[in-house]
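Undergrad: Model the following, please.
(one chain, ligands or ions: 1)
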Amino acid sequence: MTTGIVYDPIYLEHRIGTHVESHSRLIAIMDLLNEKKLFENKNFKLIKPRKANLDQIKYVHEESLINEVKEVSKLAEKTGHIQSLDLDTSVSAKTYEASLYSVGGNLQGLDEILKGNIDNCFATVRPPGHHSNSYKCAGFCIFNNIAVAAEYLFREKDIKRVALIDWDCHHGNGTSDIFYNNSKSENSDVVMFNSHQDGRTLYPGSGFIDEIGDGRGKGKMINFPMPPRAADDVISIFFDEIVSPVLNEFKPEFILISAGFDTHWTDHLTGMGWTYQAPANYLKKIKTIAKKYSKNR
Ligand SMILES: [Zn+2]
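TA: Residues are numbered from 1 along each chain as shown. Model prediction:
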């Protein structure tokens, strides 16, 4: 099995000072992968991203949001100062450009999978996206990478059923909002599993069990809020009792994951009790479903 790793130094150019969503996250990841000589191993392949085009960004975002990111990036360039889209979402001169490559990195990864060059893929990209909805960037996020990726599969690749799994410590409220009534593409079906620290104790304060989707999406939005300090075992229970039975019925053709790692017990912004083993165990279980229904994708 070959795993693609999407990366390009353009992702370091979304450079927002001392902000916690720092470019140094990606430097640390790539340094470790290089130290482990990962790219000399034939089971891994470095994937160079491309730029997503504006029609693709518009699959999920309003033009006003796209223009705002573009204009604020220009302002950052002109003034030489970091600008803000909201209290915690910052923009540098290259944010707009990096954001197009962030989405495009996901699309390139999907293409490589569909061409059979790799089996699955990890997108080491930034800026992140899961808090941005159709009309508003929020929570360190610019374009919603995973939402555009799902719509790309529906609109350009004839895929009908995509499962979204968001295991970031914060509720993926932007992605949930975009797919709350399911995909707007005809004959396309999304089921989304959100696991996160209880919204009563953490940003963005949503993702409760009664948020189940609406219209064509009713029952397909699944939220699993976890109490602060919850340990590794909770996610295995969620998979065994909820994710697995639902996916065995849904039979996804593709599984896309928002893989945040801020559930770790040492994270300063959150209050969970996970070790690194929790997402590893969860992924191992998810891969059994991918093997069964979605050609390991
Ligand atoms: Zn997070």
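
Undergrad: which SS class is residue 45?
TA: Going by DSSP: H, G, I helix; E, B strand; the rest coil, the secondary structure assigned to residue 45 is strand.

Undergrad: So it sits against residue 6, correct?
TA: No. With contact defined as CB atoms under 8 Å, residue 45 and residue 6 do not form a contacting pair (10.0 Å). Quick note: C-beta positions are derived from backbone N, CA and C, even for glycine.

Undergrad: Counting neighbours, go ahead and name the busier of the two.
TA: Neighbour count, other CB atoms under 10 Å: between residue 45 and residue 6, residue 6 has more, with 24 against 17.

Undergrad: Isn't the more buried one up against residue 124?
TA: Yes. Residue 6 is within contact range of residue 124, at 5.9 Å (criterion: CB under 8 Å).

Undergrad: Where do the helices of the stretch 51-200 of the chain begin and end?
TA: With helices called from DSSP state H, counting those that start in this stretch, the stretch 51-200 of the chain shows them at 54-57, 63-79, 95-114, 145-156, 173-178.

Undergrad: Among those helices, which comes closest to residue 296?
TA: Ranking the helices of the stretch 51-200 of the chain by proximity to residue 296 (CB to CB) places helix 95-114 first, at 8.8 Å.

Undergrad: ok, now which ones touch residue 27?
TA: residue 12 (CB atoms under 8 Å, 6 or more residues apart in numbering).

Undergrad: So it belongs to a helix, correct?
TA: Yes. Looking at residue 27 with three-state DSSP, it is inside a helix.

Undergrad: how near is it to the ion?
TA: Distance, residue 27 to the ion, by CB to the ion, to the nearest Å: 19 Å.

Undergrad: again, but for residue 92
TA: In this view, residue 92 and the ion are 20 Å apart by CB to the ion.

Undergrad: With adjacent residues omitted, what lies nearest to that residue?
TA: Spatially, and ignoring its direct neighbours in sequence, residue 92 is nearest to residue 15 (4.8 Å; CB to CB, 6 or more residues apart in numbering).

Undergrad: pLDDT wise, what is whichever residue of the stretch 151-297 of the chain sits closest to the ion at?
TA: Nearest residue of the stretch 151-297 of the chain to the ion (CB to the ion) works out as residue 170 at 3.7 Å. Listed pLDDT for residue 170 reads 98.

Undergrad: The nearest residue to residue 62 once chain neighbours are set aside: neighbour count?
TA: In space, and not counting its chain neighbours, residue 62 is closest to residue 135: 4.8 Å by CB to CB, 6+ apart. When neighbours are counted by other CB under 10 Å, residue 135 registers 12.

Undergrad: Could you pull up the contacting residues of residue 135?
TA: So residue 135 contacts 61-62, 64-65 (CB under 8 Å, 6+ apart).

Undergrad: again, 10 Å this time
TA: 61-65, 68, 177 (CB atoms under 10 Å, 6 or more residues apart in numbering).

Undergrad: average pLDDT for the helix or strand hosting residue 224?
TA: In this structure, residue 224 sits in strand 221-226 according to DSSP states H and E. Mean per-residue pLDDT for strand 221-226: 98.

Undergrad: coming back round to it: right, and the helices of the stretch 51-200 of the chain - which one's nearest residue 139?
TA: helix 173-178 (7.7 Å).

Undergrad: give me the subset of the contacts of residue 135 touching the ion.
TA: On the criterion CB under 5 Å from the ion, none of the entries of the contacts of residue 135 sits beside the ion.

Undergrad: Tell me the residues of this structure that contact the ion?
TA: So the chain meets the ion at 168-170, 260, 262 (CB under 5 Å from the ion).

Undergrad: Out of these, who's the most crowded?
TA: Counting by other CB under 10 Å, top hit in the residues of the chain next to the ion: residue 170 with 26 neighbours.

Undergrad: tell me the contacts of that one?
TA: Applying CB under 10 Å, 6+ apart, the residues contacting residue 170 are 130-131, 139-140, 194, 196-197, 199, 202-207, 258, 260, 262-263, 269-270.

Undergrad: same check, this time on residue 201
TA: 225-228, 270-272.

Undergrad: Got a quick ChimeraX command for the buried subset of those residues?
TA: Buried subset of these, written as a ChimeraX selection, criterion 16 or more other CB atoms under 10 Å:
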select :225,226,270,271,272
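
Undergrad: okay if I get the contacts of residue 201 as CSV plus distance to residue 284?
TA: What follows is the contacts of residue 201, written out as CSV (distance: CB to CB, whole Å):
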residue, distance to residue 284
225, 23
226, 19
227, 24
228, 25
270, 23
271, 25
272, 19
